[in-house]
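**Q** Everything below, folded, please.
(chains A, B, C and D)
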2 protein chains.
Amino acid sequence: MTLKDIASNLGIDASTVSRALDPEKSHLVREDTALRVREAAKRLGYRGDRVAGALRRGVTGTIGVIVADLANPFIAPVIHGIAQSLAKEQMLPMVVETNDDPAELESSVDHLLSRRVDAVICAGARFTNQEVLEEAARHTPLLVAVRGLPNSGLTQVLHDDYSGGAMAARHLLELGHTRIAELRGPADVGNFVARHQGFRDECEHHGADLIQLPEQGDRPIREEGERLAQMLLERHGGDLPTAIFAHNDLMAVGALTVLRRSEVSCPTDVSIAGYNDSPMIDQIDPPLTSVAYPGIEIGRAAGAVALELIKDPDGCPAGEVFPPQLRVRRSTRRK
Amino acid sequence: MTLKDIASNLGIDASTVSRALDPEKSHLVREDTALRVREAAKRLGYRGDRVAGALRRGVTGTIGVIVADLANPFIAPVIHGIAQSLAKEQMLPMVVETNDDPAELESSVDHLLSRRVDAVICAGARFTNQEVLEEAARHTPLLVAVRGLPNSGLTQVLHDDYSGGAMAARHLLELGHTRIAELRGPADVGNFVARHQGFRDECEHHGADLIQLPEQGDRPIREEGERLAQMLLERHGGDLPTAIFAHNDLMAVGALTVLRRSEVSCPTDVSIAGYNDSPMIDQIDPPLTSVAYPGIEIGRAAGAVALELIKDPDGCPAGEVFPPQLRVRRSTRRK
DNA sequence: CTGTTAGCGCCTTCAG
DNA sequence: CTGAAGGCGCTAACAG
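**A** Numbers count the residues shown, from 1 in each chain, chains lettered A, B, ... in the order given. Predicted coordinates for the structure are as follows:
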């Protein structure tokens, strides 16, 4: 069922059918012809072929969205926000997951570009990927969201992770903690670097004793939170810090699991703060203090910037940075 | 940068270039020509155009995946599983979210079909959508996953929600509970209907007193869990049931929030069981007893069935049903 | 082994 | 207002 079929059914030309069916062009067609065409299209169950349209027009109406891990709950609102922005222009996000693996990210970019997406939103970058992304940006509108690339000229829509980290530190310091450990996310991911810097700067500024582990999490997931917490117990079990800042809620939950197993109580023995204010995190035991991540706003902004970038590929939209907000709960308390 | 550009750069024909670059066809080309072509392709930064390829071949290498709500954590493993199965054939899932709105589902189907996806996996069906999906299945390989349509001939990859519901009931009955309430998910979604039936049948079989609320959740989300729990308190506050089965973990968490606010303690006053065994649900207060949902297996199977359906569009793959597993934790206890 | 030819379905000139 | 013609980039069939 193609334009041609409708055309021959009506004894007119396919181009007329095309015009009649395109809201932008239907004014070029006599009212009653347009009516007959629409009737026939419905009658014959016509459904336009956007593949062919894309080839002809050179735009697909699709935006590629790269995320590291769909199972991390903070990403759903981001995708949601992107989809909301795109819906206005009848565009659809095509979401691909990289499992936080740089090689997979590279092949995802490749895949998306060969599918001629109109733009790419990369919400799962590692520093390793910077070159690949910059190269891709030469061919297609591309922006970086969520996970920033500090030394890149790419347009970025980010959250102020530095302030978020500082905020977490300030909170713990105000509660009187002076020996504090950090469970860090991957060292080649923008958010975690910024969270770390903000946290560390604030701690140093107040002369707190910041306990460093020799490793970061390979991925910001629960299992890595467990591993690092275990390491903390092994190295500093005799003289535990009184507070822990986990770089995200998943890692915080991992830490809680391990500490509980070792009969270290939170918040009695140690306070824990997380990041993202994930859904349900207010119901865990104990309800977790966490820095809220404005996922939906980030998503909406990223979608909007992508649309701008498509309209003016050489424009360099400002990018945006959204502020954090601290949600204090019972997992942190006065020392 | 097209095949033609490479061809003219090398003084050969585009079709030769096409063959050289297609692993399936490159054996038709002389070794050294193929080599020269690959070298030129790399040198010139050629990247195949899958839009054009799709138009010519009639397949896009894309499978549409419809989900109700990305924020429901149980869906991530399903998508993951689908992506895993598709990766073997170099296919990519295109995920769209309907916000659990039947109208949005309809337009999503339309969108996906006009993009000529090779198949559709609908993991977010409501009963209302049955006709639309059956109609779509006449044009494109389509299967229903996760949320079944009991009266449909469509291929389905499901979880055995009936047994899961029965399992939850049996657990509560074995603990000695005889007054039990159910917080039901939407009445037009297969899973929740089956969970309800399994649960109810088992309760009736053992002569338990099953307390019915006059409403179900409009959507299986935390807020609806709160609303229904509130309703339960208002109607049966004087004589609360001693156990509650929430149709999923999000609703269970909503119920916990409301009960805690009213100083009804779980599990002392009331036991609560949920469904899905969501990540982190073992860390909430109290750790939630839940029926595990085999999301990744469902996803893998759905992906595999989709591929079968593409290979043989008139075949009618059997579909599959995966069993539930109960994870007992501290939110349920002997009466 | 390689080139030629002919579209896939659509949309956009350019003529009428 | 409508039709005819051409081509987006690729690949399959057919000839050499």
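**Q** Listing request: residues of the stretch 201-335 of chain A with sub-threshold pLDDT.
**A** Under the criterion pLDDT under 70, no range of the stretch 201-335 of chain A is flagged.
**Q** Near chain B, which residues of it are found?
**A** Taking C-beta under 8 Å from any C-beta of the partner chain as the criterion, the neighbours of chain B within the stretch 201-335 of chain A are A:222, A:250, A:253, A:256-257, A:278-281, A:283-287. (C-beta placed from N, C-alpha, C; glycine too.)
**Q** Try it again at 6 Å.
**A** Residues of the stretch 201-335 of chain A lying near chain B by C-beta under 6 Å from any C-beta of the partner chain: A:253, A:280, A:283-285.
**Q** Spatially nearest residue to the closest residue to chain B within chain A, not counting backbone neighbours?
**A** Closest approach between chain A and chain B, counting by C-beta to the nearest C-beta: residue A:285, at 3.4 Å. Nearest residue to residue A:285, sequence neighbours excluded (C-beta to C-beta, 6 or more residues apart in numbering or on different chains): residue B:285, at 3.4 Å.
**Q** can you count the residues close to that neighbour?
**A** Residue neighbour count, defined by other C-beta atoms under 10 Å in any protein chain shown, stands at 16 for residue B:285.
**Q** For DNA strand C, state which of the residues of the stretch 201-335 of chain A next to chain B is nearest.
**A** residue A:280 (44.8 Å; C-beta to the nearest atom of the strand).
**Q** In contact with that closest one: list those residues for me.
**A** By C-beta atoms under 6 Å, 6 or more residues apart in numbering or on different chains, the contact list for residue A:280 reads residue B:253.
**Q** Could you dump the residues of the stretch 201-335 of chain A next to chain B into TSV with secondary structure and distance to residue B:29 added?
**A** Output for those, formatted as TSV (DSSP: H, G, I helix; E, B strand; the rest coil; distance: C-beta to C-beta, whole Å):
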residue	secondary structure	distance to residue B:29
A:253	helix	55
A:280	coil	57
A:283	helix	62
A:284	strand	60
A:285	coil	64
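**Q** ok, so of these, who is nearest residue B:210?
**A** Residue B:210 lies nearest to residue A:283 out of these, by C-beta to C-beta, at 26.3 Å.
**Q** surely that closest one meets residue B:253?
**A** Yes - counting by C-beta atoms under 6 Å, residue A:283 does reach residue B:253; the two are 5.2 Å apart.
**Q** which one of these two has more residues nearby?
**A** More crowded of residue A:283 and residue B:253, by other C-beta under 10 Å: residue B:253, with 26 against 21.
**Q** Tell me where the stretch 51-200 of chain A has strands.
**A** A:62-67, A:92-97, A:119-122, A:142-145, A:156-159, A:179-183 (DSSP state E, counting those that start in this stretch).
**Q** okay, those strands in a markdown table with distance to residue A:217 and mean neighbour count next?
**A** Listed next are these as a markdown table, based on distance: least, C-beta to C-beta, whole Å; neighbours: other C-beta atoms under 10 Å in any protein chain shown:
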| stretch | distance to residue A:217 | mean neighbour count |
| --- | --- | --- |
| strand A:62-67 | 18 | 27 |
| strand A:92-97 | 18 | 25 |
| strand A:119-122 | 21 | 28 |
| strand A:142-145 | 21 | 27 |
| strand A:156-159 | 19 | 26 |
| strand A:179-183 | 7 | 24 |
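**Q** Nearest to residue B:305, out of the ones you listed?
**A** That would be strand A:92-97 among these, by C-beta to C-beta, at 20.5 Å.
**Q** for the closest one, packing partners?
**A** strand A:62-67, helix A:75-87 (3 or more C-beta pairs under 6 Å, 6 or more residues apart in numbering or on different chains; DSSP states H and E).
**Q** Counting neighbours, what do you get for residue A:191?
**A** When neighbours are defined as other C-beta under 10 Å, residue A:191 has 24 of them.
**Q** What of residue A:153?
**A** 9.
**Q** Contact partners for the residue in the stretch 101-250 of chain A that DNA strand C sits nearest to?
**A** In the stretch 101-250 of chain A, the residue that lies nearest DNA strand C is residue A:116 (12.9 Å; C-beta to the nearest atom of the strand). Listed by C-beta under 6 Å, 6+ apart, the contact partners of residue A:116 are A:60, B:51.
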